[in-house]
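*Asks:* please work out how this folds:
(one chain, ligands or ions: 1)
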Amino acid sequence: MRIAIIGTGYVGLTTGVCLAYVGHEVQCLDTDTAKIAALKSGRTPIYEPFLEELLADAAPRIRFTTSYEEAIPGADVVFIAVGTPPSPGGGPDLQYLRLASQSIGAHLDHEFTVVVNKSTVPIGSGNWVDSLIREAYETAKGKRPAGCFSVASNPEFLREGSGLHDSLYPDRVVVGSDDPKSLDTLYALYRPMLDQSFTAPTYLPRPEALAAVPLIATDLASAELIKYAANAFLALKISYINEISQLAERVGADIAQVAKGIGLDARIGMRFLHAGIGWGGSCFGKDTAALVSTAAEYSLDMPIVKAAREVNRRQRDVVVEKLLSALRILKGRTIGLLGLAFKPNTDDLREAPAIEIAKKLIERGCKVRVHDPVAMERFRREYPGIDVILCDSPEKVAENADAVVLVTEWPQYSDLDWEAIAKTMRTPILLDGRNVLDAARLRGIGFRYIGMGTVEPAAHLDVLVKA
Ligand code: UDX
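*Replies:* Model (predicted):
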């Protein structure tokens with residue numbers, strides 16, 4: 001099939017490369033000429049494991065362009081995967097969605113094209129996109145579209161950092177449209193993923209148990225709501241365990257054991273029960289806010305989703321409170337942050353806890369030193385106003401620091417020479433914001449190890465704090 005993808009961000013590019021890999025002819029469009037130039041020469045503008053490898057393997061079937069005239073006519077499916085960043089008012093900014101829809105409408109030229117909303121858009125946007133395309137088509141062609149297109153929703157569930165794996169081997173594919181013809185087209189499009197009939201790349205092996213992937217075909221509004229409901233549920237699962245972790249600390253329980261004990265109940269499940277600093281990223285914050293605001297438009301309050309947001313906000317404060325309680329005074333202290341990206345294996349800094357924590361510490365008079373294996377360049381570009389010291393190694397972050405906070409659980413941070421690091425710190429205080437480090441070993445080395453919802457043995461509560 002011939003596919004056009006508008007937007008080469010995390011979702012658009014991952015989708016495009018995967019669809020080309022499984023055999024479709026794909027044109028990826030972006031209005032950013034620098035991005036398209038980079039992609040044409042095989043370089044990817046985002047960091048996502050194995051993206052460059054898969055792009056090279058899919059190269060014969062994937063092209064990049066800045067021109068709607070090149071991408072849209074003749075396409076069987078057009079994906080809209082443009083950004084919907086938060087607007088100053090809190091809701092998503094839909095200007096890119098509007099522009100993409102109008103440009104698609106002006107260039108549609110095929111007997112039937114399915115236009116798919118892949119961006120996370122407010123519930124009801126499918127109808128809005130439909131009317132924008134219709135108007136632009138009529139203006140450009142001077143006639144009605146007469147059934148030559150229909151709009152569908154195909155929400156994306158990929159996680160950054162494992163986006164290609166999630167796209168090739170999804171738990172399910174959701175497609176929603178009020179037009180059965182477009183559901184048939186999307187079924188044909190996703191067939192290789194549904195049947196798992198493609199040859200798996202060596203670097204992204206197929207999970208052993210995966211034989212087929214379920215397809216959920218719904219009406220437009222249900223597909224749009226599924227995306228929000230799924231993200232809000234995952235977000236509240238994390239906030240739930242973080243709330244329990246607060247109580248665990250107070251009663252002397254260990255949150256990792258509590259999470260295992262409840263997660264092994266198949267009705268609850270182990271995943272997304274990892275307590276820590278709280279969620280970040282482009283989806284959970286934005287989608288829970290959008291859900292609350294959509295509900296408000298229908299005079300509906302959503303106290304559960306609101307509470308999940310509040311608990312998540314509180315987790316950032318908990319980090320500062322823990323440092324305050326360990327160091328007594330924060331003013332003039334040097335705090336090292338390990339990790340900037342909102343999670344490992346990405347350079348994405350949207351709603352990254354590190355940024356909020358750095359700001360809070362700076363406000364309290366701390367000097368903040370930071371390191372991240374891949375996100376420092378992006379941080380330098382996107383956050384020039386945050387006055388932190390960027391260090392080119394984790395060891396430099398710790399030098400003369402009063403405390404180090406592990407903010408992003410990059411695997412390489414677990415393997416550091418912590419013994420050597422402890423010797424270079426003013427006070428060996430380590431706050432493991434993700435509960436991933438070996439507490440017993442670190443305590444053995446001489447660290448005061450502080451976790452999120454973990455028990456601190458009494459002997460470690462009195463580490464010498466230099467005034
Ligand atoms: C999420 C959804 O998982 C994905 O389905 C959707 O399409 C987009 O949003 P993503 O934001 O890429 O994906 O990352 P995810 O792996 O879900 O993690 C989100 C945040 O939650 C991260 O900051 C992560 O550190 C945090 N998290 C996750 C926890 O704090 N605890 C957990 O147990 C799991």
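
*Asks:* quick one: contacts of stretch 439-447?
*Replies:* Trp418, Glu419, Ala422, Pro428, Ile429, Leu430, Asp432, Tyr449, Gly451, Thr454, Pro457, His460 (C-beta atoms under 8 Å, 6 or more residues apart in numbering). C-betas here are computed from N, CA, C, even on glycine.

*Asks:* try it again at 6 Å.
*Replies:* Trp418, Glu419, Ala422, Pro428, Leu430, Tyr449, His460 (C-beta atoms under 6 Å, 6 or more residues apart in numbering).

*Asks:* contacts only, for the closest residue in space to Thr427 that isn't next to it in sequence.
*Replies:* Spatially, and ignoring its direct neighbours in sequence, Thr427 is nearest to Asp402 (5.3 Å; C-beta to C-beta, 6 or more residues apart in numbering). Going by C-beta under 6 Å, 6+ apart, Asp402 touches Leu327, Arg333, Thr334, Arg426, Thr427.

*Asks:* considering these, which possesses the most neighbours?
*Replies:* Arg333 (24 neighbours; other C-beta atoms under 10 Å).

*Asks:* give me the phi and psi angles of that residue.
*Replies:* phi -80, psi 150 (degrees, to the nearest 10).

*Asks:* hmm, Arg364 and it touching each other?
*Replies:* No. Using C-beta atoms under 6 Å, Arg333 is not in contact with Arg364, being 8.6 Å away.

*Asks:* distance of the closest residue in space to Glu138 that isn't next to it in sequence from the ligand?
*Replies:* Excluding the flanking residues, the one nearest Glu138 by C-beta to C-beta, 6+ apart is Arg144, at 6.2 Å. Going from Arg144 to the ligand by C-beta to the nearest ligand atom, to the nearest Å gives 36 Å.

*Asks:* quick check: residues of the stretch 151-300 of the chain near the ligand?
*Replies:* Residues of the stretch 151-300 of the chain lying near the ligand by C-beta under 6 Å from any ligand atom: 156-160, 231, 234, 238, 272-274, 276, 279-281, 283-284.

*Asks:* restricted to buried residues, select these in ChimeraX.
*Replies:* Buried subset of these, written as a ChimeraX selection, criterion 16 or more other C-beta atoms under 10 Å:
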select :156,157,158,160,231,234,238,272,273,274,276,279,280,281,283,284
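
*Asks:* how many other residues sit next to the residue lying closest to Thr424 once chain neighbours are set aside?
*Replies:* Nearest residue to Thr424, sequence neighbours excluded (C-beta to C-beta, 6+ apart): Glu399, at 4.9 Å. Here the number of neighbours of Glu399 (other C-beta under 10 Å) works out to 15.

*Asks:* then the one 10 residues further on?
*Replies:* By the measure other C-beta under 10 Å, the count of residues near Glu409 is 20.

*Asks:* could you do Lys260 as well?
*Replies:* Neighbour tally, Lys260, other C-beta under 10 Å: 12.

*Asks:* roughly how far does it sit from the ligand?
*Replies:* From Lys260 to the ligand the distance is 12 Å (C-beta to the nearest ligand atom).

*Asks:* restricting to C-alpha, output the helix or strand hosting that residue in PDB.
*Replies:* In this structure, Lys260 is located in helix 255-263 according to DSSP states H and E. Provided in PDB are the C-alpha atoms of helix 255-263 (Å, rounded to 0.1, in the frame of the first residue of the first chain):
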ATOM      1  CA  ILE A 255       7.800  -0.600  48.500                       C
ATOM      2  CA  ALA A 256       9.500  -3.000  46.200                       C
ATOM      3  CA  GLN A 257       8.200  -6.000  48.200                       C
ATOM      4  CA  VAL A 258       4.800  -4.400  48.500                       C
ATOM      5  CA  ALA A 259       4.600  -3.900  44.700                       C
ATOM      6  CA  LYS A 260       5.700  -7.500  44.000                       C
ATOM      7  CA  GLY A 261       3.200  -8.800  46.600                       C
ATOM      8  CA  ILE A 262       0.300  -6.900  45.000                       C
ATOM      9  CA  GLY A 263       1.500  -7.100  41.300                       C
END
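
*Asks:* all good on my end, thank you.
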